[in-house]
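Q: Turn this into a structure:
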Amino acid sequence: MKKLFPSIWERYFYKQFFRMFFLFLFCFYGLYILVDYASHTGTFNHHQIQMKWIEVARYYFYIFASRAEILFPLTLLVAFVHTVCSLNVRHELVAFLAGGISLKQLIRPF
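A: You can find the predicted model right below:
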């Protein structure tokens, strides 16, 4: 049976990538929620509307589903660039290349 992540360095790449992916995803969407909620709270008070937190959470969950087609590609790009740049800054890519791992094999996890 073949493992999904056969080597330690591939698991390390995936861990770094997904950590940055979810960090940027939550930061981008959290900033969107903050700006959107701040711009709409004035209209709720003006119309005497009382909103429960569960309704607000459900609303932003549905908005997330509609904004996912924009958020995911942007977050994937930023996470990929950040991961590769951080590996380059710490000279880990050079160490892998000097260790005999080809560039094609290094980029395979991404």
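
Q: does the most centrally placed residue in the chain belong to a helix or a strand, and which?
A: For the chain, the residue nearest the mean C-alpha position is residue 21 (2.4 Å; C-alpha atoms, centre = their mean). Secondary structure assignment for residue 21, by DSSP states H and E: helix 8-46.

Q: and the residue nearest to the centre of the chain, what is it in contact with?
A: Counting by C-beta atoms under 8 Å, 6 or more residues apart in numbering, residue 21 makes contact with 75-76, 79. Where C-beta positions appear, they are placed from N, C-alpha and C, glycine not excepted.

Q: repeat that with 10 Å
A: The contact partners of residue 21, taken as C-beta atoms under 10 Å, 6 or more residues apart in numbering, are 14, 72, 75-76, 78-80, 82-83.

Q: so what's residue 18 closest to, chain neighbours aside?
A: Excluding its sequence neighbours, the residue lying closest to residue 18 (C-beta to C-beta, 6 or more residues apart in numbering) is residue 79, at 7.8 Å.

Q: Could you double-check that the one you found lies in contact with residue 17?
A: Yes. In this structure residue 79 lies within contact range of residue 17 using C-beta atoms under 10 Å: 5.7 Å.
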